[in-house]
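A.B. asks: A predicted structure for the sequence below; I have some questions about it.
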Amino acid sequence: KAGVTQTPRYLIKTRGQQVTLSCSPISGHRSVSWYQQTPGQGLQFLFEYFSETQRNKGNFPGRFSGRQFSNSRSEMNVSTLELGDSALYLCASSNGLGPLNEQFFGPGTRLTVL
Amino acid sequence: QKEVEQNSGPLSVPEGAIASLNCTYSDRVSQSFFWYRQYSGKSPELIMSIYSNGDKEDGRFTAQLNKASQYVSLLIRDSQPSDSATYLCAVKRDFNKFYFGSGTKLNVKP
């Protein structure tokens, strides 16, 4: 069974630009969560999508947005990039149902904002 | 108060020893508990999940859960240098929302 895939793996952007990251969950999983990881702040939750609907949202500004498609693939968009957006962006996949479901991470996209 | 608290370490243990990693959580309604291992520059890898009070063993790993004390731990027996990594504790509440601790860095010295 294939794992979670994320593209691209590395990105370099400049301030003010926008970026779109993509995540394909494990086959059969309907939930995709996005996290930002930085050395100073650790792993911070951005949002979760389940069956094309945003079900949970973290405390990030509106510049961070996402969506999920009918095949469960998800995209995350960051507009008007700031230097502080440089981070490892992780996508996690789960079946999204009940207390006994486990979340599996993709390899991440490392974003550098210059 | 943070949702999930972990000692950042580093925790240093000699090869072959037992490494004990601890985690406390603030919300009693937390349903499920997870341990992830993260090597430097890599993404977190799920190593253990536990839902009921008591111990759960998987190979060299044992997760322990005490809901009354809101405490989760991970024991690694016969620690190996390859176990050197950051260990993240996570708790799940309703609607699939996961909360992560900041992680404990483990160093296993040969």
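C.D. replies: Looks like it arrived, so ask away.
A.B. asks: Spell out which parts of chain A neighbour chain B.
C.D. replies: A:31, A:33, A:35, A:42-43, A:45, A:48, A:50, A:55-56, A:88, A:90, A:92, A:94, A:96-97, A:99-108 (C-beta under 8 Å from any C-beta of the partner chain). C-betas here are computed from N, CA, C, even on glycine.
A.B. asks: Tell me where the chain has strands.
C.D. replies: Using chain A. A:5-7, A:10-13, A:19-24, A:31-38, A:42-50, A:53-57, A:64-68, A:74-78, A:87-94, A:104-105, A:109-113 (DSSP state E).
A.B. asks: That was the other one, I meant chain B.
C.D. replies: Going by DSSP E, chain B shows strands at B:4-5, B:11-14, B:19-25, B:32-38, B:45-50, B:54-58, B:61-66, B:71-76, B:85-93, B:97-100, B:104-109.
A.B. asks: between the ones you listed, which gets the lowest average pLDDT?
C.D. replies: Of all the strands of chain B, mean pLDDT reaches its minimum on strand B:97-100 (a mean of 90).
A.B. asks: related to what we said a few turns ago, of all the strands of chain A, which lies closest to B:Gly9?
C.D. replies: Closest approach to B:Gly9 among the strands of chain A (C-beta to C-beta): strand A:42-50, 13.4 Å.
A.B. asks: residues making contact with stretch B:31-39?
C.D. replies: A:99-103, A:105, B:21, B:23, B:25, B:44-51, B:61, B:63, B:65, B:72, B:74, B:83, B:85-94, B:98, B:100, B:103 (C-beta atoms under 8 Å, 6 or more residues apart in numbering or on different chains).
A.B. asks: hmm, which of these are the buried ones?
C.D. replies: A:103, A:105, B:21, B:23, B:25, B:44, B:46-50, B:61, B:63, B:65, B:72, B:74, B:83, B:85-93, B:98, B:100, B:103 (16 or more other C-beta atoms under 10 Å in any protein chain shown).
A.B. asks: and chain B, which of its residues are near chain A?
C.D. replies: Counting by C-beta under 8 Å from any C-beta, the residues of chain B close to chain A are B:31-32, B:34, B:36, B:42-46, B:49, B:51, B:88, B:90, B:92, B:95-103.
A.B. asks: go again using 7 Å as the cut-off
C.D. replies: By the rule C-beta under 7 Å from any C-beta of the partner chain, the part of chain B lying against chain A is B:31-32, B:34, B:43-44, B:46, B:49, B:51, B:88, B:92, B:95-98, B:100, B:102-103.
A.B. asks: So the closest residue to A:Phe45 other than its chain neighbours versus A:Gln6, what's the distance?
C.D. replies: Distances taken as C-beta to C-beta, 6 or more residues apart in numbering or on different chains place A:Gly58 nearest to A:Phe45, at 4.0 Å, with adjacent residues excluded. Between A:Gly58 and A:Gln6 the distance is 18 Å, computed by C-beta to C-beta, to the nearest Å.
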